[in-house]
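A.B. asks: Here is a sequence with its predicted model. Questions after.
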Amino acid sequence: MAQRSWFNRFAKLTARWTGHPLAFLVSMGIVVVWVLTGPLFGFGDTWQLVINTGTTIVTFLMVFLIQNSQNRDSAAVQIKLDEIIRSLEGAHNALLDLEELEDRELELIRRRYERLAESARRRLAEGFSDVDSPEFEGNDPAT
C-alpha cells in the first residue's frame with residue numbers, strides 16, 4: 001500500500017476523534033465554561049465574540065475534513081460496488097463507472113431500471129417470480 005499523505009492521516013484521525021462521544025463531552029464542557037464565565041465578563045460583546053469566533057473557525061475547518069472523509073469513503077464504496085458488479089455473472093460491466101456519466105445519461109439508465117422494476121412488479125402480481133436476470137434491449141443498460 002502507498003504511504004498516506006499527512007493530510008489524509010490527519011483528516012482520518014480528526015474525523016475519528018471528533019466523532020467520538022468524548023469529543024462531544026469536551027465541546028459541551030467548553031460551552032458550559034463559556035456560559036459560566038458570562039457574569040465574570042458581564043455578558044459583553046467580547047465574551048460573545050469568543051464563542052462565535054471559535055465555533056465559526058472550527059466549523060469552517062471541519063467542513064473540509066468532513067468532505068475529505070466523505071470523498072474517501074465514497075470512493076471506497078464505489079470501488080467495492082464496482083468489484084461486486086464485475087464479479088457477478090450476468091452483471092452489466094457498463095455500469096461500473098456510472099458516477100462518471102452526465103446527468104442525462106444517468107437519467108436514461110435510471111428510466112430503464114424503473115421499467116424493469118415495473119415489469120417485475122407486474123409479473124410478481126401475476127404470481128411469477130421476480131428473481132432473474134432479464135436482458136435489456138441491446139443487452140447493455142448504458143446504451
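C.D. replies: Cool, the structure landed.
A.B. asks: How is this structure divided into domains?
C.D. replies: 1-87, 92-143 (automatic domain parsing).
A.B. asks: Present those domains as JSON lines; the columns should include mean pLDDT.
C.D. replies: Shown next, in JSON lines, are those (pLDDT from 0 to 100):
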{"stretch": "domain 1-87", "mean pLDDT": "92"}
{"stretch": "domain 92-143", "mean pLDDT": "83"}
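A.B. asks: Turn the ones you listed into TSV, including mean neighbour count.
C.D. replies: In short, each C-beta sits where N, CA and C put it, glycine included. Shown next, in TSV, are these (neighbours: other C-beta atoms under 10 Å):
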stretch	mean neighbour count
domain 1-87	12
domain 92-143	12
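A.B. asks: what's whichever strand or helix holds I30 packed up against?
C.D. replies: Assigned by DSSP states H and E, I30 belongs to helix 21-36. If you count contacts as 3 or more C-beta pairs under 8 Å, 6 or more residues apart in numbering; DSSP states H and E, helix 21-36 packs onto helix 45-87.
A.B. asks: let's go with 10 Å and repeat that
C.D. replies: Contact here means 3 or more C-beta pairs under 10 Å, 6 or more residues apart in numbering; DSSP states H and E; on that basis helix 21-36 packs against helix 6-18, helix 45-87.
A.B. asks: Alpha carbons only: can I get that helix in CSV?
C.D. replies: Provided in CSV are the C-alpha atoms of helix 21-36 (Å, rounded to 0.1, in the frame of the first residue of the first chain):
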residue,chain,number,x,y,z
PRO,A,21,-18.6,10.8,22.4
LEU,A,22,-15.7,12.2,24.4
ALA,A,23,-15.3,15.0,21.7
PHE,A,24,-19.0,15.9,22.3
LEU,A,25,-18.5,16.0,26.0
VAL,A,26,-15.4,18.2,25.6
SER,A,27,-17.3,20.6,23.4
MET,A,28,-20.2,20.6,25.8
GLY,A,29,-17.7,21.4,28.6
ILE,A,30,-16.3,24.3,26.6
VAL,A,31,-19.8,25.7,26.2
VAL,A,32,-20.6,25.3,29.9
VAL,A,33,-17.3,27.1,30.9
TRP,A,34,-18.2,29.8,28.4
VAL,A,35,-21.7,30.2,29.9
LEU,A,36,-20.4,30.2,33.5
